[in-house]
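**Student:** Just need the structure, nothing else, for what follows:
(chains A, B, C and D)
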Number of protein chains: 4
Amino acid sequence: MIIILQSDATEEQLRHVVQRVEALGLNAHLSRGTHRTVIGVIGDEAKIAAAPLQAIPGVAQVVPVLPPYKLASSEAHPQPSVIEIGHVQIGGPFVGMIAGPCAIESARQMETIAAAVHRAGANILRGGAFKPRTSPYAFQGLGEEGLKILRDTGDKFDMPVLTEVMDPRRVELVNRYADMIQIGARNMQNFVLLKEVGQLQKPVLLKRGMSATIKELLMSAEYVLSQGNPHVVLCERGIKGFDPETRNVFDLAAVPAIKALSHLPIVVDPSHATGRPDLIPACALAGAAAGADGIHIEVHHCPEEALSDGPQALLPEQYTQLVAQIRKIVEILGRQIPSAGATPK
Amino acid sequence: MIIILQSDATEEQLRHVVQRVEALGLNAHLSRGTHRTVIGVIGDEAKIAAAPLQAIPGVAQVVPVLPPYKLASSEAHPQPSVIEIGHVQIGGPFVGMIAGPCAIESARQMETIAAAVHRAGANILRGGAFKPRTSPYAFQGLGEEGLKILRDTGDKFDMPVLTEVMDPRRVELVNRYADMIQIGARNMQNFVLLKEVGQLQKPVLLKRGMSATIKELLMSAEYVLSQGNPHVVLCERGIKGFDPETRNVFDLAAVPAIKALSHLPIVVDPSHATGRPDLIPACALAGAAAGADGIHIEVHHCPEEALSDGPQALLPEQYTQLVAQIRKIVEILGRQIPSAGATPK
Amino acid sequence: MIIILQSDATEEQLRHVVQRVEALGLNAHLSRGTHRTVIGVIGDEAKIAAAPLQAIPGVAQVVPVLPPYKLASSEAHPQPSVIEIGHVQIGGPFVGMIAGPCAIESARQMETIAAAVHRAGANILRGGAFKPRTSPYAFQGLGEEGLKILRDTGDKFDMPVLTEVMDPRRVELVNRYADMIQIGARNMQNFVLLKEVGQLQKPVLLKRGMSATIKELLMSAEYVLSQGNPHVVLCERGIKGFDPETRNVFDLAAVPAIKALSHLPIVVDPSHATGRPDLIPACALAGAAAGADGIHIEVHHCPEEALSDGPQALLPEQYTQLVAQIRKIVEILGRQIPSAGATPK
Amino acid sequence: MIIILQSDATEEQLRHVVQRVEALGLNAHLSRGTHRTVIGVIGDEAKIAAAPLQAIPGVAQVVPVLPPYKLASSEAHPQPSVIEIGHVQIGGPFVGMIAGPCAIESARQMETIAAAVHRAGANILRGGAFKPRTSPYAFQGLGEEGLKILRDTGDKFDMPVLTEVMDPRRVELVNRYADMIQIGARNMQNFVLLKEVGQLQKPVLLKRGMSATIKELLMSAEYVLSQGNPHVVLCERGIKGFDPETRNVFDLAAVPAIKALSHLPIVVDPSHATGRPDLIPACALAGAAAGADGIHIEVHHCPEEALSDGPQALLPEQYTQLVAQIRKIVEILGRQIPSAGATPK
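**Tutor:** Numbering: from 1, shown residues only, chains lettered A, B, ... in the order given. You can find the predicted model right below:
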């Protein structure tokens, strides 16, 4: 950590800062510049992570040197992590193809969609049983009934299943049915929920909040990791922007930026990032080309009748075409899409 | 609701849209323009709020006409609401002065700060017992022990108390101690939590999420209101922006913009909005001048030793000066700051 | 155009709005809904584009139906445009590979870089002679001397050359040397400059402003087109965002979004979008996969000695590797990278 | 300046960085920490402002210590500057009230509006003769004819006049008519134009770009100052945000943030910041309370017939009421609104 003093800081203020640093068991190393004095703090930076040095009179700026997310950082774990979701791997050479409807509506709907995406090459089935809806008057999901449908459909097609949990009181329930648990963008900093899923040994898909920086996303991953659950997959799903042309801004550069900082796999979700089915294929191909470890896409056989987010879903035939193109791109990059189970039971 | 068709929509697509509208029990009114056909939907718009009309082939755009937040809207309730927090009112002519430390650290700390802000003119005491911290390694709050300290301190100075709840399983506990319950910015779309506090009859301070639009804030208020709790106060505390000069962007125009849409009181929080104590006074005065129904400010007697967010707290003497100026401004505007209880017990 | 009245608009206000519409030579078509009255305006929308109908008492909202950029829109010109820059085509099946240093520094520097990027497969050579620098104390470019160097180097390697113009008084000068003229992001709404280049018949590379919506970019293109110059290529180079991790946010979805609205080719510039050489390859591949009509990358043989923006340049060997991968991706998508001239003269 | 090396930087890389620093005539001061080595650079930081140290292998981060805007900084000039626009002062205790229509439309229109705002207490008259319009098909201003009308109207009411220049070839013309020259938000980084007005001795109103940070605004001011023109007034007029509720985000905290960094006066423009007349009064009062050195408001006697931006103008009677309230607030803060000339001639 580096502490930059104000240009008019007094000697007494300087001494006070040095005392505070030494009181934390660290060493202070002074550089007196032409205009400013700078204090290098030597020792375990974590000791002062939480200390409000910025509030000390005379301090202009505090510059951390080490990332505050230790377990999530590449420094701690230089090789990319490979996460196992049931029999499907994500990360390293493996690219997950996560597909399914926004909300689970019925067994028939799930079967229709699962059959289509399984045939197209998807290897993880998604569907929401508890839906975070902006409006209290909108469809909120089928609840446990939905979880059962999802589990049965996944088993039938030998696809591991992913579903979202929103309530810490339901983590245990969702854990019983799901192979991977999603923390949605709106809950990325729901630290209560993060701690709950951190106590499982179940893979977690942690979606980036709409206004979260990459470092904040990694700090939220750190919450899960620090509780003992190392199976975290990150997901870029669009951040807030000023242009109404797309629902969110698909922050594609987050893929290589996260790979430079962390060993955790990073998946992209062009469905939520754009909110427009006509933009999903181009963004999905871009994600694959940028090195994403998975592509998460909403698929519905009849978007105009979907109970949630219909307008952003691909049709099954569009998804089939898209997977074929994604496959060519990941192969160029020396990667592969693991298969789901071979045949529906 | 207005449905604008694509310029190349076919007659069959048009008929299909009209059928869908009529199937919902509504009337479709056609305007055939030079370039496009437009369908006015007549009847109860709520019936189609959740229908994915946008996904129907041939539809270019769906324009809602009514706000989707009914209980929160000024159309439903033209007079500004006045919310009672203990014996202190917020809204209409009454301006709440909410002050206290970020985190409750000890009984002595709370007493020191409460004495100072009470003397300065604050009328509601705040303090966090459960802290949402970006880092899992940072101080997470004293928990119930903190709630007890807060309650005791509030009683001593006859100030109603405000504290945050993050976990739906703790709503009942927090409700026992607090006069007003805060939903933090990171939980503005934690719909599980919103529904829990919606089942109380306790005032709720609902903070705007860093990337929430004003309409999304009102939709979150609607969650609380629709569960039966009408005592909601909104809070503008800064939104995400691109300039690192301030922690967030203080969206001052949200104050009059919310007043144009809703009857709910709106408080400003320049501490979180700016993250810089040197900017807080100017922003607090601005909030008062813009018609905010309350000013929420963090105060700490020793910011450099604060366990949370020290660098953004005002010193008690700065707060005292500031309240004197705020009082002059609200009086110019024909408003008043209600008193807390007269003397410490 | 659709005019939505306020819920409490009077009959007199309604009549006034209808009069205004009819005074413009258009027809007003009323839909009286349950809560609001809506007026469909039938006739040439352009007639009222500039009329401040929003300011009429009783009007709640004005919703345009047609895009205000006519010449740039796909409705006007359904087939993608192919633009010729010297002997190199961009658009349709052709993908431009634009490369070179940020600033032209010397003939030797340009020759070194041009030889490298030509060998790698670049087909257009870029270099700045007039540099828009945030600081008045930074290197501002070599001016006409730089233009000569650029022209000579381009001729030597049979590569068309691209350079930026900032001053309307220098458009004629730059036009003499360049095969394509760049309007930089900071000048995207410098309407004076747009009109000047609109009077040439020289291809223009129009970069998206950091805070410009896609529609604003198309309106700026319309400025050039409406002056008579149809040779416009758009460029996505990053928009402002809240995360300091990257210099800007690379808005990848702008590529398909622009293709849905306009026939003009769209190039991506991951150098400026990210400001980080370690992120450029992934973003460039993503751009190619998303269907961009060109990839603009800064290359320098010695970034640490570059006079401008060194830290964001790729090394020649990195560029060579990248072009090989881009080529594979564009071929998968049925496209090709046109060759520059075969051998240096 | 502080240079932080990567954790795996080699001794050779370290030596290379030190050599580069010393080659610039500066001293390098090493701090070897537990995890990283940090180099403090001692000497004139300006020497290395433009050196691409970030590009040197082994360098993780470069942290500047001094602001790059010298002439604009408070360090250079600790007292607030007072700028004279004709006989009206802005800055220090003086608050400018700038009012007038968006565009000059006719002598009669200007006289009507000037009479009204003069009576209300405005002390500077604004009006646009060259308009930067997003659409090439919109009204572009009356040109020199407009400048004459503005000059005549200003003389009649003894009000100094402000108007925008967009074209460097017209600076001399505009300078002949105006008492203060506006650089609009879209031209904040039109460095060619900044250099032109820097060569005058005429006050400049420099508006903040929609995506400009405060430091970038100060760097643009530095362009003008460094050319020899010290008469610069800054203007906050809204930045890009994600919420369509207001046209831009009114960044009120920029007022105290700029005062902490610079001696230049800072004016607020709630008309452009919000784009909604119903929000202008609250935002104008907020600006006054936050210490703004001027309030810039568009006023039109018939917004629905205005040729430009009618929907964001206040009516004269609204403006009159507002100035009365602003006056009370600035007086509380110990400031004053200078008078324009006493009576119309």
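**Student:** Counting neighbours, what do you get for A:Leu252?
**Tutor:** Using other Cβ atoms under 10 Å in any protein chain shown, the number of residues around A:Leu252 comes to 32. The C-beta positions use only the backbone N, C-alpha and C, and glycine is treated the same way.
**Student:** Quick check: phi and psi at it.
**Tutor:** phi -60, psi -40 (degrees, to the nearest 10).
**Student:** ok, it to chain B distance?
**Tutor:** Distance, A:Leu252 to chain B, by Cβ to the nearest Cβ, to the nearest Å: 18 Å.
**Student:** Thought C:Thr246 was touching that residue, still the case?
**Tutor:** No. Judged on Cβ atoms under 8 Å, A:Leu252 makes no contact with C:Thr246 at a distance of 10.2 Å.
**Student:** Now do the same contact list for the closest residue to A:Asp179 other than its chain neighbours.
**Tutor:** Leaving aside its sequence neighbours, A:Asp179 sits nearest to A:Pro160 (Cβ to Cβ, 6 or more residues apart in numbering or on different chains; 3.7 Å). A:Pro160 makes contacts with A:Ile85, A:Gly86, A:His87, A:Val88, A:Asn123, A:Ile124, A:Leu125, A:Gly154, A:Asp179, A:Met180, A:Ala340, as judged by Cβ atoms under 8 Å, 6 or more residues apart in numbering or on different chains.
**Student:** Repeat that for A:Gly341.
**Tutor:** Counted by Cβ under 8 Å, 6+ apart, A:Gly341 has contacts A:His87, A:Phe157, A:Asp158, A:Met159.
**Student:** check whether the host helix or strand of A:Ser220 contacts chain C.
**Tutor:** Assigned by DSSP states H and E, A:Ser220 belongs to helix A:214-226. Yes. Applying Cβ under 8 Å from any Cβ of the partner chain, one finds helix A:214-226 touching chain C at A:Ile214, A:Lys215.
**Student:** From the contact counts, what lies against that helix?
**Tutor:** helix A:191-198, strand A:204-207, strand A:232-236, helix A:254-261 (3 or more Cβ pairs under 8 Å, 6 or more residues apart in numbering or on different chains; DSSP states H and E).
**Student:** To chain C, which of those lies closest?
**Tutor:** helix A:254-261 (3.8 Å; Cβ to the nearest Cβ).
**Student:** what comes into contact with the closest one?
**Tutor:** Under the contact criterion Cβ under 8 Å, 6+ apart, helix A:254-261 has outside partners A:67, A:72-74, A:80, A:208, A:214-215, A:217-218, A:234, A:236, A:264, A:266, A:268, A:287, A:290-292, C:245-246, C:276, C:278-279, C:281-283, C:286.
**Student:** By neighbour count, which bits of that helix are buried? Give me those.
**Tutor:** A:Ala254, A:Val255, A:Pro256, A:Ala257, A:Ile258, A:Lys259, A:Leu261 (16 or more other Cβ atoms under 10 Å in any protein chain shown).
**Student:** Stretch A:223-231 now?
**Tutor:** Buried-residue list, stretch A:223-231, by 16+ other Cβ under 10 Å: A:Tyr223, A:Val224, A:Leu225, A:Ser226, A:Asn229, A:Pro230, A:His231.
**Student:** next one: stretch A:112-126
**Tutor:** For stretch A:112-126, by 16+ other Cβ under 10 Å, it's A:112-118, A:120-126.
**Student:** confidence score at A:Ala342?
**Tutor:** Listed pLDDT for A:Ala342 reads 63.
**Student:** got the buried residues for stretch A:95-102?
**Tutor:** A:Val95, A:Gly96, A:Met97, A:Ile98, A:Ala99, A:Gly100, A:Pro101, A:Cys102.
**Student:** Strands - which of those residues land there?
**Tutor:** Per DSSP state E, strands hold the following members of the buried residues of stretch A:95-102: A:Gly96, A:Met97, A:Ile98, A:Ala99, A:Gly100.
**Student:** Quick check: the two most widely separated of the residues you listed?
**Tutor:** Across those, the longest distance by Cβ to Cβ is 12.5 Å; it joins A:Gly96 and A:Gly100.
**Student:** quick one: which of the buried residues of stretch A:95-102 is nearest to chain B?
**Tutor:** Checking the buried residues of stretch A:95-102 one by one against chain B (Cβ to the nearest Cβ), the nearest turns out to be A:Cys102, at 10.1 Å.
**Student:** neighbours around the residue nearest to A:Gly96 when sequence neighbours are not counted, how many?
**Tutor:** Excluding its sequence neighbours, the residue lying closest to A:Gly96 (Cβ to Cβ, 6+ apart) is A:Gly294, at 3.3 Å. Other residues near A:Gly294 number 28, with proximity taken as other Cβ under 10 Å.
**Student:** Equivalent analysis for A:Arg176, please.
**Tutor:** A:Arg176 has 10 nearby residues by other Cβ under 10 Å.
**Student:** okay, now the domains of chain A?
**Tutor:** A:2-63, A:83-332 (automatic domain parsing).
**Student:** quick one: is the shortest one near chain C?
**Tutor:** In this case it means domain A:2-63. No. Under the criterion of Cβ under 8 Å from any Cβ, domain A:2-63 makes no contact with chain C; the nearest approach is 12.6 Å.
**Student:** as a whole number, average confidence for that domain?
**Tutor:** For domain A:2-63, the mean pLDDT works out to 81.
**Student:** Now the terminal residues of that domain, how far apart.
**Tutor:** Taking Cα to Cα, to the nearest Å, domain A:2-63 runs 5 Å from one end to the other.
**Student:** do the longest one as well
**Tutor:** According to Cα to Cα, domain A:83-332 extends 22 Å from its N-terminal end residue to its C-terminal end residue.
**Student:** ok now that domain, how far from the chain's centre?
**Tutor:** 9 Å (Cα atoms, centre = their mean, to the nearest Å).
**Student:** Hmm, A:Val204 and A:Val232 touching each other?
**Tutor:** Yes. Using Cβ under 8 Å, A:Val232 is in contact with A:Val204, at 5.2 Å.
**Student:** Spell out which residues are contacts of both of the two.
**Tutor:** With Cβ under 8 Å, 6+ apart, A:Val232 and A:Val204 have common neighbours A:Val224.
**Student:** Does chain B have contacts with stretch A:231-246?
**Tutor:** Yes. Stretch A:231-246 lies within reach of chain B by Cβ under 8 Å from any Cβ, at A:Ile239, A:Lys240.
**Student:** What's the mean pLDDT across that stretch?
**Tutor:** Rounded mean pLDDT across stretch A:231-246 is 96.
**Student:** Then stretch A:133-153?
**Tutor:** 93.
**Student:** Please see if that stretch touches chain B.
**Tutor:** Yes. Interface with chain B: stretch A:133-153 contributes A:Arg133, A:Thr134, A:Ser135, A:Pro136, A:Tyr137, A:Ala138, A:Phe139 (Cβ under 8 Å from any Cβ).
**Student:** How many neighbouring residues does the fifth one have?
**Tutor:** Okay, so that is A:Tyr137. 17.
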